[in-house]
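# Build me a model:
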Amino acid sequence: MSLIRVPYIAVIVAISTACLFLYVGLYQNVFLSREDYKGALQCDVIRSEYGRATLDLCEFGAVSDTSVIMEKPVDALLKSGNLHWNSSTETAIKARWRNVLLTQLPFPMDPGYGSHVIPLLASFWITDGDILELGSGWYSTPMAHTFSINQDRTILTADTNQNWLQKLTIFKSRLHHFMLVSETSSTGAFAKTVNPSQADEVKVTSSWDLVGANHSWSVVFVDHAPGLRRPVDLQRLRGHSELLVTHDTDGTLGRVYKLEEVLASFRHRYSFRYPSWSARFTDVVSDNRKELVEAVRVLTEMAVEILDIDK
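This is a model prediction of the structure:
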């Protein structure tokens, strides 16, 4: 009997192996298109290094179904400045925005380091141009990358922290570029060189003054170090941006970083506090796109209602 069982076992093993290879092939070539397969492998690296806490963040940033962000019924309405929607239009927008929130936000939401994600996501959703990220992180960088690969938007991510950049260059692509800023400040010395093994992945510049210059940006996210550079770069880039989204604009950090004077000088401004009992603020400002700032406000308040969170 044992001699009879052996061929059957061999056949079962062979069939199982063939099915496994077929599944992997289909998963790689059909279910994960463009850069998603690379992203799936990179997510394994992220999980192994950072643990389960980043599992949802990794999935929303790299391998989730992101086709929903391509559908923007708000686009024409918001860019025309028309925010007076009838009930059917508001219902449609709310349904689409809910899908975007649930597929793109990391849950549970972090009321500290991630307190900016809703207005930043809204800013990405209602624009279609290039993105400048001053300061990288596991919240903003994967989110921006998702819009880049689905909407062919160029992103420049810049940071003084070499360690952060080395981790986040897993999102590098033909449209998503990374830059190490080598300048030093009174808050401490930052990395001046990039690992030789990553020389082809990260560009190096000597000053924040050179980052994002001579280019027009739809969204500029301001969350970089040293903090005293933030008002300088807000002022420097205000004429080259539709929206500037600044994290940590609350009383304490805002005073330390000397942000309020510059933020108050913009013609249009929206401040979001999350959660309401905290002092963590994110400000969205613009000099010439009042309708976009107002749209971010509407969508952010709608998100608080949809997600039933205490902002």
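
# make it CA atoms for all contacts and neighbour counts henceforth
Fine.

# in this structure, which ranges drop under the pLDDT threshold?
For the chain, the stretches flagged by pLDDT under 70 are 1-85, 183-201, 253-254, 310-311.

# Would you map out the domains in it?
For the chain, the structural domains run 1-31, 68-307, going by automatic domain parsing.

# possible to save these as TSV with mean neighbour count?
Converted to TSV, the domains of the chain look like this (neighbours: other CA atoms under 10 Å):
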stretch	mean neighbour count
domain 1-31	11
domain 68-307	18
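
# show me where the stretch 201-311 of the chain has helices.
Secondary structure of the stretch 201-311 of the chain by DSSP state H, counting those that start in this stretch: the helices cover 229-237, 251-257, 260-264, 290-307.

# Out of those helices, which gets nearest to Thr91?
helix 290-307 (11.0 Å; CA to CA).

# would you list every one of the strands in the stretch 151-300 of the chain?
Under the criterion DSSP state E, counting those that start in this stretch, the stretch 151-300 of the chain carries strands at the ranges 155-159, 176-181, 202-205, 217-222, 241-247, 268-273, 281-286.

# Run me through the strand neighbours of the fourth one, direction for each.
It refers to strand 217-222. strand 131-134 (parallel), strand 241-247 (parallel) (DSSP bridges).

# swap in the second one?
Applying DSSP bridges, strand 176-181 is found paired with strand 155-159 (parallel), strand 202-205 (parallel).

# what would these look like in a markdown table with distance to Thr169?
A markdown table is the format used below for these (distance: least, CA to CA, whole Å):
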| stretch | distance to Thr169 |
| --- | --- |
| strand 155-159 | 9 |
| strand 202-205 | 8 |
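
# Which of those sits closest to Met302?
Taking the strands paired with strand 176-181 one by one with CA to CA, strand 155-159 is closest: 27.0 Å.

# Now do that closest one: everything it contacts.
Contacts to strand 155-159, defined as CA atoms under 8 Å, 6 or more residues apart in numbering, come from residues 130-136, 141, 144-145, 148, 165, 175-181, 211-212, 224-225.

# if we go to 7 Å?
With contacts defined as CA atoms under 7 Å, 6 or more residues apart in numbering, strand 155-159 is touched by 130-136, 148, 165, 175-181, 224.

# Looking at the helices of the stretch 201-311 of the chain, spot the one closest to Ser87.
Among these, helix 290-307 sits nearest to Ser87 (CA to CA), with 14.0 Å.

# could you say what helices and strands that closest one packs with?
Judged by 3 or more CA pairs under 7 Å, 6 or more residues apart in numbering; DSSP states H and E, the packing partners of helix 290-307 are helix 74-79, helix 117-125, strand 268-273, strand 281-286.

# What angle do helix 290-307 and the helix or strand following the first one make with each other?
Put plainly, it is helix 74-79. Using DSSP states H and E, the helix or strand that follows helix 74-79 in sequence is helix 87-104. Going by axes from the mean of the first three to the mean of the last three CA atoms, to 10 degrees, helix 87-104 is angled at 70 degrees with respect to helix 290-307.

# okay, how far is it across stretch 245-261, tip to tip?
Start-to-end span of stretch 245-261 (CA to CA, to the nearest Å) is 16 Å.

# how much space between Lys172 and Gln151?
Distance of Lys172 to Gln151, given as CA to CA: 15 Å.

# Now render the strands of the stretch 151-300 of the chain as CSV, adding distance to Asn86.
Formatted as CSV, these follow (distance: least, CA to CA, whole Å):
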stretch, distance to Asn86
strand 155-159, 35
strand 176-181, 38
strand 202-205, 48
strand 217-222, 28
strand 241-247, 27
strand 268-273, 24
strand 281-286, 26
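
# closest to Arg229 out of the ones you listed?
It's strand 217-222; of the strands of the stretch 151-300 of the chain, that one is closest to Arg229 (CA to CA) at 9.5 Å.

# before we move on, the earlier item: so which of the strands paired with strand 176-181 comes closest to Val304?
Counting by CA to CA, Val304 lies closest to strand 155-159 out of these; the figure is 27.5 Å.
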